[in-house]
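S.K.: output the structure for:
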Amino acid sequence: MTRNLAGFTGVGYDRGRGPLWQLAWLVVSGSVVMRWWCPRQVRVAILRGFGAQIGESVLVRHRVRIHWPWKLAIGDNSWVGEGVWILNLEPVTIGHDVCISQDVLLCTGSHDRRSATFEFDNAPIVVEDGAWIAARATVLRGVTIGREATVGATALVAGDVAPCETVLAPEARGVRTR
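M.R.: Predicted structure coming up:
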């Protein structure tokens, strides 16, 4: 199959808000929300103002990138660590008492490799109550992280994680010794 990226249409992808709302979010998020000097209460209030459903006592640290806040729900007492990127072309639902550690990527977007025009193949992500996603882990579209599950640092998660399950990244191993 020959790729024809010029033919890409993005059919089926709904941004959820109009262009002016999107522009307003991009300006505010880039100039206020991600900055270290923005108090956490203000950061959460701005996210709510743009449509995010955020529970009580939620901590969203600085340098957090959220693609579309109106496609985000976070339960009570959850933490979103510094440098997290929530690429939520589709909804991301984070339960209560969840810890999303530093530099985690939650990516709801992908492309259909069988499509000549590389159309979207997006799906939501759900992180259930009490889960922990450790530093620099990546969770891909369509995944559910079960209740009280743990995703280890740097793990790549492409399939569901069962409740109370722990998944770890493969360990680095020496190939040879000089």
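
S.K.: nearest residue to residue 152 other than its sequence neighbours?
M.R.: The shortest distance from residue 152 to any non-neighbouring residue, by CB to CB, 6 or more residues apart in numbering, is to residue 168 (3.7 Å). Quick note: C-beta positions are derived from backbone N, CA and C, even for glycine.

S.K.: what about the one you found, distance to residue 119?
M.R.: 33 Å (CB to CB, to the nearest Å).

S.K.: compare these two (neighbour count), which wins?
M.R.: Legend: neighbour count by other CB atoms under 10 Å for residue 168 and residue 119, higher for residue 119 (17 against 13).

S.K.: gap between the more buried one and residue 67?
M.R.: 18 Å.

S.K.: what about the helices in the protein?
M.R.: Listed in chain order, the helices of the chain (DSSP state H) span 19-28, 40-49.

S.K.: run the angle between the first one and helix 40-49 for me.
M.R.: Yep, that's helix 19-28 we're talking about. Interaxial angle, helix 19-28 versus helix 40-49 (axes from the mean of the first three to the mean of the last three CA atoms, to 10 degrees): 170 degrees.

S.K.: buried residues, helix 19-28. List them.
M.R.: 25, 28 (16 or more other CB atoms under 10 Å).

S.K.: low-confidence ranges, this structure, go.
M.R.: Within the chain, the segments meeting pLDDT under 70 span 172-178.

S.K.: surely residue 72 meets residue 90?
M.R.: No - taking contacts as CB atoms under 8 Å, residue 72 lies outside contact range of residue 90: 10.7 Å.

S.K.: and those two? Which one has more around it.
M.R.: For the pair residue 72 and residue 90, the greater number of neighbours falls to residue 72 (23 against 20), based on other CB under 10 Å.

S.K.: chain neighbours aside, what residue packs nearest to that one?
M.R.: Nearest to residue 72 is residue 52, by CB to CB, 6+ apart, at 4.5 Å.
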